[in-house]
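[1] Got a sequence here, can you model it:
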Amino acid sequence: FIDRDGCRKMAESVKQFVAKNILPDIPCMVGIDHSLTGGALEAVAEFYGKDAVSLVVIDTHTDAVPMSALSDAIQYDMDTNPQSVYDPADPYLYGRPDSYNASSFLRRLLQDEVLQPRDLFIVGVSDYPDKRTFRIKDPRIRRYANVFADLKRSGCKILTKKECLSSPKKLKARLATIRTPYAYVSVDMDIGAMNAVEGVRFRNWKGLDENKIYRLVDAVAEVATGKASLVGMDV
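    Residues are numbered from 1 along each chain as shown. Prediction:
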C-alpha cells in the first residue's frame, strides 16, 4: 500500500474533504498516519496562498527522510551494531521506492512547493544526527545525514528535543521568526512515547512527559494567538 503511494492518495482525499466541507472554517483532525497532514495543509495553503501559511510540527521524528536514505541508515546499523533492532531477513528493509509516507511527507511538500522551507518549523525531534554521525565516511550514512543538513541549509527550522529541554527561550525565539499571517499546527503524539503516552506506533525514542508537552504546545499557542492566525491543526 505504501509503496504504491497509497498514503498520498489518502492525503488527497483529506485535501478534497477539507476544501469542500470545512474551509473557510478551521480543520481540526485526529488522525492515525501523519502523512494525512499533508492533505489538510495543501487544502489550507491553496485557500490562503502557499506563501501565507507556516507549518509547525511537534514530533519525535523529522518526517522528511526518503525511504532510500532511511534504508541506507538501517543497512549500516545492521552491519555495524551488534544490538541492532532490525532483522536482516525482513523483506521490507530492501528495495523500497521513495513513496509519500509518514516519514517522508514533509520532503514531498517542500519538493512540490506546497510549503516554503523557511515556513517549516519542526520541534522536539530525537532523530537529528549527532555530530559524530556527520563525521562517518560510510556513503550510506553520508546520504542519510545529508538529508538533515540539506533541510537546515534550505531554511527549515529544526529544534531537537534536547534543545527544547535545555533552552525553552530558543524555542520561542525560533517561533518568533514566523513570517506568515497564518499557521497550521500538527502534533504527533510520539513526542510523548513511553512517557506521557503509551499508545503510539513508533517507540524508538523515549518522549517528553506530559508537563513538558504542554509547555511546548503553550509556546506554539502563543504564536497562534499573536503573530500568526491558526488556520488548521491535527493530532
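[2] Residue 226: neighbour count?
    For residue 226, the neighbour count with other CB atoms under 10 Å is 11. The way it works is simple: take the backbone N, C-alpha and C, and place the C-beta from them, glycine included.
[3] Mind telling me what element it is part of?
    Using DSSP states H and E, residue 226 maps to neither a helix nor a strand.
[4] Using PDB, write out every CA atom in stretch 188-205.
    Provided in PDB are the C-alpha atoms of stretch 188-205 (Å, rounded to 0.1, in the frame of the first residue of the first chain):
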ATOM      1  CA  ASP A 188       2.500  13.800  16.700                       C
ATOM      2  CA  MET A 189       1.800  12.100  20.000                       C
ATOM      3  CA  ASP A 190       5.000  10.000  19.700                       C
ATOM      4  CA  ILE A 191       6.500  13.200  21.200                       C
ATOM      5  CA  GLY A 192       5.500  11.600  24.500                       C
ATOM      6  CA  ALA A 193       6.200   7.900  23.700                       C
ATOM      7  CA  MET A 194       6.700   5.700  26.700                       C
ATOM      8  CA  ASN A 195       6.500   8.700  29.000                       C
ATOM      9  CA  ALA A 196       3.300  10.800  28.600                       C
ATOM     10  CA  VAL A 197       1.600   8.200  26.400                       C
ATOM     11  CA  GLU A 198       1.900   4.500  25.500                       C
ATOM     12  CA  GLY A 199      -0.500   4.100  22.600                       C
ATOM     13  CA  VAL A 200       1.700   5.400  19.800                       C
ATOM     14  CA  ARG A 201       3.100   3.500  16.800                       C
ATOM     15  CA  PHE A 202       6.800   4.500  17.000                       C
ATOM     16  CA  ARG A 203       8.500   3.900  20.300                       C
ATOM     17  CA  ASN A 204      12.200   4.000  19.300                       C
ATOM     18  CA  TRP A 205      12.800   7.100  21.400                       C
END
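[5] Show me how far it is from its chain's centre.
    14 Å (CA atoms, centre = their mean, to the nearest Å).
[6] Low-confidence ranges, this structure, go.
    Confidence mapping of the chain against pLDDT under 70 gives the ranges 196, 202-203, 224.
[7] can you give me the helices in it?
    Using DSSP state H, the helices of the chain run over 6-21, 36-48, 67-80, 105-111, 131-135, 139-154, 161-166, 168-175, 210-224.
[8] looking at the ones you listed, which is buried most?
    Of all the helices of the chain, helix 36-48 has the most neighbours on average by mean count of other CB atoms under 10 Å, namely a mean of 24.
[9] Identify the residues contacting stretch 114-122?
    38, 41-42, 45, 50-51, 53-57, 59, 62-64, 106, 109-110, 151, 154-159, 174-175, 178-180 (CB atoms under 8 Å, 6 or more residues apart in numbering).
[10] no no, stretch 8-24
    In contact with stretch 8-24 (CB under 8 Å, 6+ apart) are residues 27, 29, 33, 35-40, 42-44, 46-47, 99-100, 105, 108, 232.
[11] go again using 7 Å as the cut-off
    If you take CB atoms under 7 Å, 6 or more residues apart in numbering as the criterion, stretch 8-24 is touched by 27, 35-36, 38-40, 42-43, 47, 100.
[12] And it, how far out from the chain middle?
    Stretch 8-24 sits 20 Å away from the centroid of its parent chain (CA atoms, centre = their mean).
[13] can you count the residues close to residue 206?
    Number of residues near residue 206 (other CB under 10 Å) recorded here: 13.
[14] for residue 33, that is, sorry about that
    Count around residue 33 with other CB under 10 Å applied: 15.
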